[in-house]
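Colleague: need a 3D model of the following:
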Amino acid sequence: MRIENISNSNIDTPQVKSQQTNNYNYLNDMDQDRIDHNVKYAAEQNKKMHAAELSSLKSKVEGKTETAEIFNALGIETEKDDNGKLSLSHYKQPGNMVTFKDLGYDESKLMENVKEIKGDANFQKTSLTSIDSLEKVGGKLDITFTKVKSMKNLKEVGTIAQCNNSLIEELPSLKTVGAMAQLSNTRIKELPALETVNGNLDLQNTPIEKMPALKTVKGDVNIINTKMTAKDVTADVSGKVKDKKDPVLPIKTDYSYLWDNSDRVKHNK
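Modeller: Below you'll find the model as predicted:
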């Protein structure tokens, strides 16, 4: 193929401009085809991996109907007290891609008698909207970007309480958090029992109005864009109390895109 040099004298001619534009569009089309192919390929691979993981996990729980034996088969160790309440070694969905719902289990039934989780409690991808039986988490609690609204009996979290960007509305019994308490962008209006946070307490962009029992915070207290001011925080705070009103950060936030169009999540009602 013969390649001609393009001189400065003919660079702006209509023919050259047309060739440049066509080549640019052609490269765009190639890139788009490549992207479409990669997206389709990734979706197919994910579908295959999900099917393989689902098949493997189903074989582990086949024929098991009791809650304890289901958890044990999936690598979550259980203990039962004299009242029939369960203690779990940790909590998470059964697979990297497979949920309890995928396996045909009602997660609320599995959790209805769980009183304690000794390690980390990761509720990512959960179908639960309330976890009211749970009283203690020994490690980290994570309900971020979930539909969990209520944890009525939770009294203690051993390390981080990561509840930000969730639908949580009430934690009426929560007394102690061993590290950070992250509650920003939630519907929390009151923390009536909370006494101690051994790290930062982040309540930014919430409708929080009072924390009457709060005694000690070993880090900062962030109440930016809330109904409280620094004067309302009477606890012993080792760090700073941040109560600046920031007009750039909206008080009301809609997270409906995280789930589906039927969920209209409005904060600070």
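Colleague: so what does the residue nearest to residue 114 when sequence neighbours are not counted look like in phi/psi?
Modeller: Closest residue to residue 114 apart from its sequence neighbours, by Cβ to Cβ, 6 or more residues apart in numbering: residue 86 at 4.8 Å. The way it works is simple: take the backbone N, C-alpha and C, and place the C-beta from them, glycine included. Main-chain torsions, residue 86, degrees, to the nearest 10: phi -100, psi 150.
Colleague: got any ranges where the stretch 151-269 of the chain has weak pLDDT?
Modeller: 245-269 (pLDDT under 70).
Colleague: can you show me the strands along it?
Modeller: 156-157, 161-162, 176-177, 181-182, 196-197, 201-202, 216-217, 221-222, 236-237, 241-242 (DSSP state E, counting those that start in this stretch).
Colleague: with distance to residue 117 added, can I get those in TSV?
Modeller: Converted to TSV, these look like this (distance: least, Cβ to Cβ, whole Å):
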stretch	distance to residue 117
strand 156-157	10
strand 161-162	13
strand 176-177	15
strand 181-182	17
strand 196-197	20
strand 201-202	22
strand 216-217	24
strand 221-222	27
strand 236-237	29
strand 241-242	31
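Colleague: tell me the most buried of those strands?
Modeller: strand 181-182 (a mean of 28; mean count of other Cβ atoms under 10 Å).
Colleague: so how far is that strand from its chain's centroid?
Modeller: In terms of Cα atoms, centre = their mean, to the nearest Å, the centre of strand 181-182 is found 13 Å from the chain centre.
Colleague: which elements pack onto it?
Modeller: Contacting strand 181-182 under the criterion 3 or more Cβ pairs under 8 Å, 6 or more residues apart in numbering; DSSP states H and E are the following elements: strand 161-162, strand 201-202.
Colleague: may I see these arranged in a markdown table, with distance to residue 42 as well?
Modeller: Formatted as a markdown table, the helices and strands packed on strand 181-182 follow (distance: least, Cβ to Cβ, whole Å):
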| stretch | distance to residue 42 |
| --- | --- |
| strand 161-162 | 28 |
| strand 201-202 | 35 |
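Colleague: any idea which of the strands of the stretch 151-269 of the chain gets closest to residue 72?
Modeller: Closest to residue 72 of the strands of the stretch 151-269 of the chain is strand 156-157 (Cβ to Cβ; 24.6 Å).
Colleague: check contacts around residue 36.
Modeller: With Cβ atoms under 8 Å, 6 or more residues apart in numbering as the criterion, no residue contacts residue 36.
Colleague: what about it, which helix or strand?
Modeller: helix 14-61 (DSSP states H and E).
Colleague: what pLDDT does residue 3 get?
Modeller: At residue 3, the model reports a pLDDT of 44.
Colleague: ok so, going back, closest to residue 49 out of the helices and strands packed on strand 181-182?
Modeller: That would be strand 161-162 among the helices and strands packed on strand 181-182, by Cβ to Cβ, at 27.0 Å.
Colleague: which secondary structure elements does that closest one contact?
Modeller: Where contact means 3+ Cβ pairs under 8 Å, 6+ apart, strand 161-162 is packed against strand 141-142, strand 181-182.
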